[in-house]
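>>> everything below, folded, please.
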Amino acid sequence: MRSLLTVLLAALFGVAAILVFGLSGEFGSFGEKIWRDVAVLLLTVVAACALTYVALLLMTFVGEVRHPRNTPGDPDALEWHVLVPCRDEENVIAETVSAARSSFPDLHVWVIDDASEDATAEVVQDLMVFDQRVHLISRIAPEARTGKGDALNAAYRIVSEHVGGTEDARHRTVIGVLDADGYLSDNTLAMLAGPQAFGDAEIGAVQLEVWMKNRGDRRPRPADGRWLNLVGRFLVRMQDLEFRTTNSAMQVLRVRTGTVGMGGNGQFTRLSVLDALASRRGKPWGKKLSEDYELGLNILQMGMHNHYVREAHVSQEALPFTRRLITQRTRWAQGNMECASALPGLRKSGHLSLAGLLEIHYFMLQPVIMMLNLVLVPLLLVLGVAQSALDYWSSASLLTLVLAALFFLVLPYAVWGLVYRKVTEHEISRGQSVALGLANLVYVYLTYVYYVRAAWRAVTGRTGWAKTRRNADGRTLVDVALGAHLAALPLLSTEQLEELAAELDGRSDLGIDFVSGWAVMWPTRTARLERALASQSPMQTRDAIGSIRVSSAMVGATRLERAAGDLEDALEHGDMDAAAAELPVVTAVGRETVSMLRKEVSVRRELLQVPLVEQPSLSQMQAVPIRRQ
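Got it, this is the predicted structure:
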């Protein structure tokens, strides 16, 4: 039924394209010049294919949104590890590790420090004091900085040795990849363990939907003025729309065609599948600029299956800077072009259906299609005007051009604004959704820029990998002057720590675990507060600061509790600017509190590990630390 529908749509759009481009006369008379006829036929085919593809995406995606197919499973049936490649990520890595470990107590987080020149390693080591499931893999020259794929392969070898186990155990071990600014939704592991995902033994890899976590930021470019921040907000929101509608729709359609692709953030693969890739190719990840998509194609070529889950997501930071966005997308586009070398192997493997092969080939041809549109449409318009300059602006000609533009150009992009409002559960108004849909047309034209740049880089042999700068890059810590009422309070109340241990049946080890969990979660809490203030949301800010204040009281962080109370007081008076002014104080006091807790936890754990001396004398008892029971 779906195949028949596809054929009917293609025929409908093909006829429409022939009428507009071939028979209307607005792009020149057909049959006069062979090269013009060829150009018109090419444009007709491209337009028909593009509209058919968009219609299939729309119908499939809307159906999936209305009736989701993925259901949760038992994450305890699997073992979970995530790899986080890092290169100079000191400003974001603590938040990422904190969020992952706070949400998923059984998850191992492996940070791959690829010879960073900043304090990335030190930040991770500080977290390792509190949490034994946080691991650091340090790469040094000359092996380091040779690409993301190499960094992941190095981590694979270490994690593989750490896991060990039987073939069955390795098949139940899942390895994820997160960007250094990636956040997993709280239901991630449950959805990944579902019967449609890793609950199915035939599924080798799963990709999550991607969201933009800073989509509500009112000043994404704090150092710039009003108009540049308006551009920044537009870029951020359009990236969220792109990933949660058109990109997600492509993946939902690929579930049907069996061609789901892997992304660089939020990809999860069975360890046994990585083993098979390593056995066949020497290493799981390749050297292409889109090593993520390459991984997915290699999995498909082996006859294994990929899946996509949109009911769980990974959040990342959108780029509010045009130049950085184009640099990032140029690398992605060039990487996808490089992956075209996998097409012969996929055809020969015999593992893909006809629909799957058509989908992958159409996706790989996107740069060619873009270039054809970029050249043919203006060329034919100019020729049409030149041929009948006097009659070209008649009412009939204008009507034809307007209708053609609406049908072939505006509608396929504008409709996604309404879809975006649906998937965000009315996060934006109807008017905003229409405006975003129309703005999507402008945003999509950036693809012409980075596809051209990617093609030029490929032709000139430039294959170097350039890391995209983070929005937080360049941020430095500054000293914050504390008011007398804060400076007079202690950072930590040791009495409160002792009371906490007493409440936990007198077990100091449980008390240490509790405050360690608080310290690990601190970067998540402060990041949540920063985003709430950045979006100027009183409700979200109230929830974030309330969480900090209450949890600080529980661990005896007296000064932090008071600093949080000061921000909360400003918020209660309705002064968001005053509340934002208190943020540096809260973060500075929190940073000092965590530093003191790190020392306290280290000392107490050392005390707990000292063996008791048999039948000690009185003097020995005074001199030797005694294990608390």
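>>> please pull up the helix or strand immediately following whatever helix or strand residue 38 lives in.
Using DSSP states H and E, residue 38 falls within helix 34-66. Stepping forward along the backbone from helix 34-66, the first helix or strand reached (DSSP H and E) is strand 79-86.
>>> I would like the residues contacting stretch 358-375, please.
In this structure, residues lying in contact with stretch 358-375 by C-beta atoms under 8 Å, 6 or more residues apart in numbering are 42-43, 46, 49-50, 53, 250, 253-254, 257, 259, 297, 333, 336-337, 339-340, 343, 346, 352, 447-448, 451-452, 454-455. (Glycine included, C-beta is placed from N, CA and C.)
>>> which parts of the protein are strands?
Under the criterion DSSP state E, strands of the chain are mapped to 79-86, 108-114, 134-139, 173-177, 183-184, 203-212, 267-270, 305-316.
>>> turn the ones you listed into JSON lines, columns for mean pLDDT and distance to residue 402.
Conversion of the strands of the chain to JSON lines gives the following (pLDDT from 0 to 100; distance: least, C-beta to C-beta, whole Å):
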{"stretch": "strand 79-86", "mean pLDDT": "97", "distance to residue 402": "49"}
{"stretch": "strand 108-114", "mean pLDDT": "96", "distance to residue 402": "53"}
{"stretch": "strand 134-139", "mean pLDDT": "95", "distance to residue 402": "57"}
{"stretch": "strand 173-177", "mean pLDDT": "98", "distance to residue 402": "47"}
{"stretch": "strand 183-184", "mean pLDDT": "96", "distance to residue 402": "44"}
{"stretch": "strand 203-212", "mean pLDDT": "97", "distance to residue 402": "34"}
{"stretch": "strand 267-270", "mean pLDDT": "98", "distance to residue 402": "43"}
{"stretch": "strand 305-316", "mean pLDDT": "97", "distance to residue 402": "36"}
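>>> determine which of those approaches residue 421 most closely.
Closest to residue 421 of those is strand 203-212 (C-beta to C-beta; 14.9 Å).
>>> how deep is residue 518 tucked in, by neighbour count?
Using other C-beta atoms under 10 Å, the number of residues around residue 518 comes to 20.
>>> surely it meets residue 548?
No - checked against C-beta atoms under 8 Å, the pair residue 518 and residue 548 is beyond contact range at 10.3 Å.
>>> next, format the strands of the chain as JSON lines and append distance to residue 470 and mean neighbour count.
Converted to JSON lines, the strands of the chain look like this (distance: least, C-beta to C-beta, whole Å; neighbours: other C-beta atoms under 10 Å):
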{"stretch": "strand 79-86", "distance to residue 470": "11", "mean neighbour count": "23"}
{"stretch": "strand 108-114", "distance to residue 470": "15", "mean neighbour count": "25"}
{"stretch": "strand 134-139", "distance to residue 470": "20", "mean neighbour count": "20"}
{"stretch": "strand 173-177", "distance to residue 470": "17", "mean neighbour count": "25"}
{"stretch": "strand 183-184", "distance to residue 470": "14", "mean neighbour count": "24"}
{"stretch": "strand 203-212", "distance to residue 470": "14", "mean neighbour count": "24"}
{"stretch": "strand 267-270", "distance to residue 470": "20", "mean neighbour count": "26"}
{"stretch": "strand 305-316", "distance to residue 470": "10", "mean neighbour count": "23"}
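>>> kindly reformat the ones you listed as CSV containing distance to residue 561.
CSV is the format used below for these (distance: least, C-beta to C-beta, whole Å):
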stretch, distance to residue 561
strand 79-86, 31
strand 108-114, 28
strand 134-139, 26
strand 173-177, 35
strand 183-184, 26
strand 203-212, 32
strand 267-270, 38
strand 305-316, 29
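>>> how about the contacts made by the residue most central in space within the chain?
The residue lying closest to the centre of the chain (C-alpha atoms, centre = their mean) is residue 316, at 4.1 Å. Applying C-beta under 8 Å, 6+ apart, one finds that residue 316 lies in contact with 179, 181, 182, 183, 210, 211, 212, 213, 265.
>>> also residue 351?
300, 301, 302, 303.
>>> how far away is the second one from residue 196?
Here the distance between residue 301 and residue 196 works out to 22 Å (C-beta to C-beta, to the nearest Å).
>>> per-residue pLDDT of residue 371, please?
Residue 371 carries a pLDDT value of 73.
>>> returning to that earlier point: among the contacts of residue 351, who's most crowded?
Neighbour counts for the contacts of residue 351 (other C-beta under 10 Å) peak at residue 300, which has 25 neighbours.
>>> closest one to residue 490 among the strands of the chain?
The closest of the strands of the chain to residue 490 is strand 134-139. By C-beta to C-beta, the value is 28.0 Å.
>>> who touches that closest one?
For strand 134-139, contacts defined as C-beta under 8 Å, 6+ apart pick out 97, 101, 108-115, 121, 124-125, 127-128, 145, 151, 154-155, 158, 520.
>>> which member of the contacts of residue 316 is positioned nearest residue 426?
Comparing the contacts of residue 316 against residue 426 with C-beta to C-beta places residue 211 closest, at 15.9 Å.
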